[in-house]
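*Asks:* from the sequence below, what's the structure:
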Amino acid sequence: MPPHDTPRDREIPTLLVTGSNGQVGFELRRSLAPLGRVVALDRAGCDLSDLDQLRRVVREVRPDVILNAAAYTAVDRAEAEAERDTAFRINGEAVGVLAEEARAHGSLLVHYSTDYVFDGAKTGAYYIESDPTGPLSVYGRSKLAGEQAIAAVDAPALILRTCWVAGAHGANFARTMLRLGAERDSLRVVADQFGAPTTAALIADVTAQIVARYWLAGNRAAFPAGLYHLAAAGETSWHGYATEVIRYAAAHGFPLKTDPARIAPIPATDYPLPAPRPASSRLDTSKLRRTFGIHLPDWQQGLHLLLDQLRP
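*Replies:* Residues are numbered from 1 along each chain as shown. This is a model prediction of the structure:
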């Protein structure tokens, strides 16, 4: 006789993903598929700059879990006065709307934040979740506004701060290095900013594990929601990152004009950008690993898998 199944065993959650064509959103469509009904919406289906549409979509879908992978990510463009309101509307106000709707419907909100909420001045140690924030850029301030909007609503929410995200789908540093390495004989890359390259696939897979744990919990009210850091293990500089991209690509048949020896390390002051970047984006992930029993692999492992997906 088959074991008796409880009502919870028969439940299939509805999972709403915003930003479904972004790096993380694209991977969430894959990682969440075994868990339930995934409603994946791109900007056309759910534009976070339109707060009325956003509320309407959430109320129509009635999700059990909202995963907000949409964001304004044009870091340098956000410094322009004409763009600031848009950055804060998408990264701040819209997040507050999602938090309000999550609270009203009893949904879990999963929101992705960034290392840019810190000023990067911490030396000798990784940033922990309780460290003081101090964003240097409009983008960083707008993402911090999103975190604060969630806290103000006091909704059931999981905030995952991550850094240096790269995926097989979408624009990112690894793909840029492959393109430039194929076009140029040599490269110059910043060597005095540090973090952990973190693949969108890793972020999505960790998210799926946590969401499954939430959904199967006997007491969802006791679920350890809150703020966590999520990044691959280890650290490197942008120069070290670029060197590993080119080294691995050269060994696996990518068409390149340059090689690792011709990637020159430079200070950030030699490559000025409109938006200042944190010198240190090192995120301590021990709280996430301890709470959810999750192993985070070294950044090289994820990078190699990503590059294998991009092989010509």
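
*Asks:* from here on, contacts and neighbour counts on C-alpha atoms
*Replies:* Will do.

*Asks:* please enumerate the strands of the stretch 151-300 of the chain.
*Replies:* For the stretch 151-300 of the chain, strands defined by DSSP state E, counting those that start in this stretch occupy the ranges 157-162, 165-166, 187-190, 194-195, 198-199, 226-229, 236-237, 263-266.

*Asks:* take those strands and lay them out in TSV including distance to Ala151.
*Replies:* Formatted as TSV, the entries for the strands of the stretch 151-300 of the chain read as follows, by distance: least, C-alpha to C-alpha, whole Å:
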stretch	distance to Ala151
strand 157-162	9
strand 165-166	24
strand 187-190	35
strand 194-195	26
strand 198-199	26
strand 226-229	9
strand 236-237	32
strand 263-266	39
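
*Asks:* quick one, helices of the stretch 201-312 of the chain?
*Replies:* Ranges of helices within the stretch 201-312 of the chain are 238-251, 286-292, 299-309, based on DSSP state H, counting those that start in this stretch.

*Asks:* deepest of these, which one?
*Replies:* Per-stretch averages of neighbours, counted by mean count of other C-alpha atoms under 10 Å, single out helix 238-251 among the helices of the stretch 201-312 of the chain, with a mean of 20.

*Asks:* and that one, how far out from the chain middle?
*Replies:* Mean-position distance between helix 238-251 and its chain equals 22 Å (C-alpha atoms, centre = their mean, to the nearest Å).

*Asks:* got the contact list for that helix?
*Replies:* When contacts are taken as C-alpha atoms under 8 Å, 6 or more residues apart in numbering, the neighbours of helix 238-251 outside the stretch itself are 174, 177-178, 181, 189-194, 197, 256, 258-260, 263-265, 300, 303-304, 307.

*Asks:* what's the PyMOL syntax to select whichever of those residues are buried?
*Replies:* Listed next is the PyMOL selection for buried residues among the contacts of helix 238-251, using 16 or more other C-alpha atoms under 10 Å:
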select buried, resi 174+177+178+181+189+190+191+192+193+194+197+256+258+259+260+263+265+300+303+307
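
*Asks:* who wins for proximity to Glu60 among the helices of the stretch 201-312 of the chain?
*Replies:* Comparison of those against Glu60 by C-alpha to C-alpha identifies helix 286-292 as nearest, at 31.5 Å.

*Asks:* that closest one packs against which elements?
*Replies:* With contacts defined as 3 or more C-alpha pairs under 8 Å, 6 or more residues apart in numbering; DSSP states H and E, helix 286-292 has these neighbours: strand 226-229.

*Asks:* which elements pack onto the strand it packs on?
*Replies:* Helices and strands touching strand 226-229, as assessed by 3+ C-alpha pairs under 8 Å, 6+ apart, comprise strand 157-162, helix 286-292.

*Asks:* Provide the strand pairings for the first one, with the direction of each partner.
*Replies:* Just to be clear, that refers to strand 157-162. Using DSSP bridges, the strands paired with strand 157-162 are strand 108-114 (parallel), strand 226-229 (parallel).

*Asks:* distance to Ala279 and mean neighbour count added to those strands, as TSV?
*Replies:* TSV is the format used below for the strands paired with strand 157-162 (distance: least, C-alpha to C-alpha, whole Å; neighbours: other C-alpha atoms under 10 Å):
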stretch	distance to Ala279	mean neighbour count
strand 108-114	14	25
strand 226-229	17	21
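
*Asks:* go through those and name the closest to Asp52.
*Replies:* Between Asp52 and the strands paired with strand 157-162, the tightest spacing by C-alpha to C-alpha is seen for strand 108-114, at 18.2 Å.

*Asks:* and the closest one, how far from the chain's centre?
*Replies:* Taking the mean C-alpha point of strand 108-114 and that of its whole chain, the gap between them comes to 9 Å (C-alpha atoms, centre = their mean).

*Asks:* next one: stretch 264-279
*Replies:* For stretch 264-279, the separation from the chain centroid amounts to 22 Å (computed by C-alpha atoms, centre = their mean).
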